[in-house]
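1. sequence and predicted model, in that order:
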Amino acid sequence: MTESTRENAELLVEMKGIRKSFPGVQASDDVALVLRKGEVLALLGENGAGKSTLMNILAGLYRPDSGEIRIRGKLARIASPRDASALGVGMVHQNFMLVDSMTVAENVVLGIPKLPFVPNAARIRREILELSERYNLKVEPEAFVWQLSVGEQQRVEILKLLYRKAEILILDEPTAVLTPQESKELNAVVKLMQAEGKSAVFITHKMDEVMSFSDRVMVLRKGKVVAEKLTRDTDPRDLARLMVGREILFCIDKRPFEPKGLVLELSGVEALNERGLPALRGVDLRLRSGEILGIAGVAGNGQRELAETITGLRPTTAGAISINCVDSTNASPMSVIRRGVGHVPQDRVAVGVVGDMSVSDNLAMKAYRSAPLASGGVLRPKRFLELAKRMIEAFKIATPSPSTRTKFLSGGNIQKTILAREIEACSSLLIAVYPSRGLDIGATEAVRKELVAQRDAGLGVLLVSEDLEELAQVADTIAVMFEGRIMAVMPACDAEAERLGLLMSGAIPAEV
Amino acid sequence: MRLHFEKRKSLSIGALFLVPAISFLASLLLTGLLLVAFGADPMATYAAMLKGAFGSGRAFTETLVKAVPLMLTGLGVGLAFKLRFWNIGAEGQLVVAGVAASWVALFWNSWMPPFLLLPAALLVGCMAGALWAGIPALLKTSLKVDETLVTLMLNYVAILFAESLYYGPWRDPKGFGFPGSAPFPDSVLLPHIAGRAHIGLYFAIALALILWFLINRTRWGFELKIIGSSHKAARYQGISVERKILAAILLSGALCGLAGATEVTGISHRLQQGLSVGYGYTAIIVAWMSQLNPLAVVPVSILMAGLLVGGDQVQMKMGLPAAMSLVMQGMILFPMLAGSLFTEFRIRRAGKAAKDAQTMAPGGAA
């Protein structure tokens, strides 16, 4: 299909006047959307712009407060994902919906309405292999999901949709968890599906993906459509301006790199993950004050375990860790905190904050132990409030009030809350694990600036990230992690995206 | 018009008081239907209950007699529940403490100065209750054994252990064969306020105030709240989760234990049958009705005690089955649990919510 015929092709999806509200938020505000056969539509927007909400409505997870949806011209009532599936609509969610303890094949057929009581396993296997061949989605039908990498799990999710003969595929930030190479592969898969006349909507806030994946792009802001353009008629700068509503900075002012004393040293550190398998294998790292050490790697290659072993949350099985030149191998979390270590954890909602407690309580969760917030074990609520007001102001945390329960804040503001608290409590080492993951451009910029400011103020910063652009902008030194090993350590100015990508995926051997 | 649930941004004070009140009314309504089915006049029955529980000085002191153990066990259970430690073993902790206090009362007076006997009995009772709760707490924190089962099973152990004592070695030789220990010496008896109501009431009210302060105004309570929300988050904040849980459950057991110790020294004046009458289970209802707030435990306990005392009256005056007051207790819990939905959520019309959202300032985007 050529591009001009695609523009006139049959209308597959028409959404009109879609409204959906959550407490205090109009997530979709009179949104209209069309999708044609064989078209790839990009939904671009910041966090909370309403992209996922809109697509969750199409996929049957949410019901709109008002508005109508037509599929192939017919009015559709989509009350559940099953209804959506029957209409040929399928969605790959940001957090995969697979059953870990079941095989790929079992996951693919799980939930199919007319599955026979005793499924024909051989036939299912054959069909899955055919599909994976046709779309170049390599998976092993007998493998268990827990054995698969994140990229492979995503392939299973896509196969699930193809197996159900989905014609309209919705991908929610599909590349957020992929290596650059895997993203390229995914792009090829989408192009193959497109060639067969399938359509796709993909949600993203990355410009380069919009440019390489899509035919048309819709920009959402605060629940409204602010622009709709053919991808070839636009450029990243234009889109970024539309998305944020203002010009954005792509670089951060940084003082020259002048590292001082050693803050953190790891030698030969090993640790196990939850399943008792090696997560860290002989990790050697050195971080000085005034330095940002970036850990590049695909999520799940030991980064979380690295942060947890340093902060005392996970025992080491071998090796030594020293903080400020004092041995702290297997020190308790409390003693690590006392040494001036701040930690922005990977799981910010379940670990970083207590959602049921107020913003003010969460901001105080490091400082509550001593004066001025407590005296002799008794808390002083007034001081809590003062601290909260000061930090909310300094870090521009958007919250209705300090007493609002933290779970009602947006992801970006929850992250700012954690960052504010950890920076306040930290005097030597700041560990930040995926600090900008899932945040919009504005919040990402704020987080990155703060990390650089802390480095300029003389902290050592350990930044775990999967975003190479972020590492290039922020880090002084980059270490690449793959399967629990440090593959290479290099000054950030010498790093090239291609080589990092290869190291991250284990395609070239370790250099250290 | 379409209705839908919406999560509340912050707890509304009104809802906090109104919801339990309305839930209670709903339970009266439900029980009323049941009474009609039994051929009784609901209004007359409720009037009899009210009169029986609060209608006279004597009735009210009897209500207070039952309210004291409910307050103490309610505080203990509520504290454990705040940590999501499902201590349903208050009954066993109460009984074991009753036994321990009786041991002091019966056997320590030979060597202990009389003025120390009562404090010692109460203290040893608390320690026994703490120990009894400490077993499941230790099993939970060290071996991850489910506490629900262990606390429940230990109830039976405690009750049967007490029975074996007053039927066996502790049975009063001058007791005409009735099961029960010898009466306690006078120096160990709790002073009374009025009627049978004893100064355990002051202990309970003071402890409710202290516990409220501990939970809401101290570092210790702040850490308990964090642990109660998420162990992972607490560990990340450097809190030693296991140690804190153990300490709090010991305190929970000690509170339940004080209930047992005041029962034997204040009411029965000996160890005998009837120490276990289910206060430890009713405490679960008290804790939930109070929404785990120690201050609310005091009035809620008086209400529940009134229900128990009034229920007895109903049995005598209205000729209804004795189980009726137990049924009512159960009937209270259901609307309560349903009601807790409304403290967390509110019902709105779909259109109205959308309009409100538009007028609200941006920045709270999900």
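-> All right, it came through fine.

2. contacts made by stretch A:228-238 with the rest, please.
-> Contacting residues not belonging to stretch A:228-238 are listed as A:3, A:7, A:42, A:207-208, A:210-211, A:214-219 [C-beta atoms under 8 Å, 6 or more residues apart in numbering or on different chains]. The C-beta positions use only the backbone N, C-alpha and C, and glycine is treated the same way.

3. start and end of it, how far apart?
-> 12 Å (C-alpha to C-alpha, to the nearest Å).

4. what about it, average pLDDT?
-> Regarding stretch A:228-238, the rounded mean pLDDT is 86.

5. next: stretch A:121-135.
-> Per-residue pLDDT values over stretch A:121-135 give a mean of 89.

6. OK, contacts around residue A:499?
-> Counting by C-beta under 8 Å, 6+ apart, residue A:499 touches residue A:508.

7. strands of the stretch 51-200 of chain A, start to end?
-> Along the stretch 51-200 of chain A, the stretches classed as strands by DSSP state E, counting those that start in this stretch are A:66-71, A:74-76, A:89-92, A:168-172, A:199-204.

8. which helices and strands sit right next to the last one?
-> Helices and strands touching strand A:199-204, as assessed by 3 or more C-beta pairs under 8 Å, 6 or more residues apart in numbering or on different chains; DSSP states H and E, comprise strand A:25-36, strand A:40-44, helix A:51-58, strand A:168-172, helix A:180-195, helix A:207-213.

9. of all residues in the stretch 351-500 of chain A, which one is closest to chain B?
-> Shortest the stretch 351-500 of chain A-to-chain B distance, computed as C-beta to the nearest C-beta: residue-wise this is residue A:398, at 3.6 Å.

10. so that residue is in contact with residue A:413, correct?
-> Yes - between residue A:398 and residue A:413 there is a contact at 5.1 Å, judged by C-beta atoms under 8 Å.

11. for the chain, give me the ranges with low pLDDT.
-> No chain specified, so I'll use chain A. For chain A, applying pLDDT under 70 flags the ranges A:1-8, A:23-25, A:47-48, A:176-177, A:244-253, A:505-507, A:512.

12. not quite, I wanted chain B
-> Judged by pLDDT under 70, the stretches of chain B that qualify are B:1-16, B:322, B:333, B:340-366.

13. mind doing that once more with 80?
-> Scanning chain B for pLDDT under 80 picks out B:1-21, B:24, B:177, B:312-334, B:336-366.

14. which one of the helices and strands packed on strand A:199-204 lies nearest to residue B:23?
-> With respect to residue B:23, and counting by C-beta to C-beta, the nearest of those is strand A:25-36 at 30.5 Å.

15. quick check: residue B:146 vs chain A, distance?
-> Between residue B:146 and chain A the distance, using C-beta to the nearest C-beta, to the nearest Å, works out to 20 Å.

16. for the stretch 51-200 of chain A, which residue gets nearest to chain B?
-> Using C-beta to the nearest C-beta, the point where the stretch 51-200 of chain A gets nearest to chain B is residue A:65, with a distance of 5.0 Å.

17. as JSON lines, the helices and strands packed on strand A:199-204 with mean neighbour count and distance to residue A:255 would be great.
-> Written out in JSON lines, the entries for the helices and strands packed on strand A:199-204 read as follows (neighbours: other C-beta atoms under 10 Å in any protein chain shown; distance: least, C-beta to C-beta, whole Å):
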{"stretch": "strand A:25-36", "mean neighbour count": "22", "distance to residue A:255": "39"}
{"stretch": "strand A:40-44", "mean neighbour count": "25", "distance to residue A:255": "33"}
{"stretch": "helix A:51-58", "mean neighbour count": "25", "distance to residue A:255": "37"}
{"stretch": "strand A:168-172", "mean neighbour count": "24", "distance to residue A:255": "38"}
{"stretch": "helix A:180-195", "mean neighbour count": "17", "distance to residue A:255": "30"}
{"stretch": "helix A:207-213", "mean neighbour count": "19", "distance to residue A:255": "28"}
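
18. any chance of those in TSV, plus distance to chain B?
-> Putting the helices and strands packed on strand A:199-204 into TSV (distance: least, C-beta to the nearest C-beta, whole Å) gives the following:
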stretch	distance to chain B
strand A:25-36	4
strand A:40-44	16
helix A:51-58	8
strand A:168-172	14
helix A:180-195	26
helix A:207-213	21
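
19. so can I have CSV of the ones you listed showing distance to residue A:287?
-> Written out in CSV, the entries for the helices and strands packed on strand A:199-204 read as follows (distance: least, C-beta to C-beta, whole Å):
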stretch, distance to residue A:287
strand A:25-36, 40
strand A:40-44, 36
helix A:51-58, 36
strand A:168-172, 35
helix A:180-195, 26
helix A:207-213, 30
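
20. having no further points to raise, I will conclude here.
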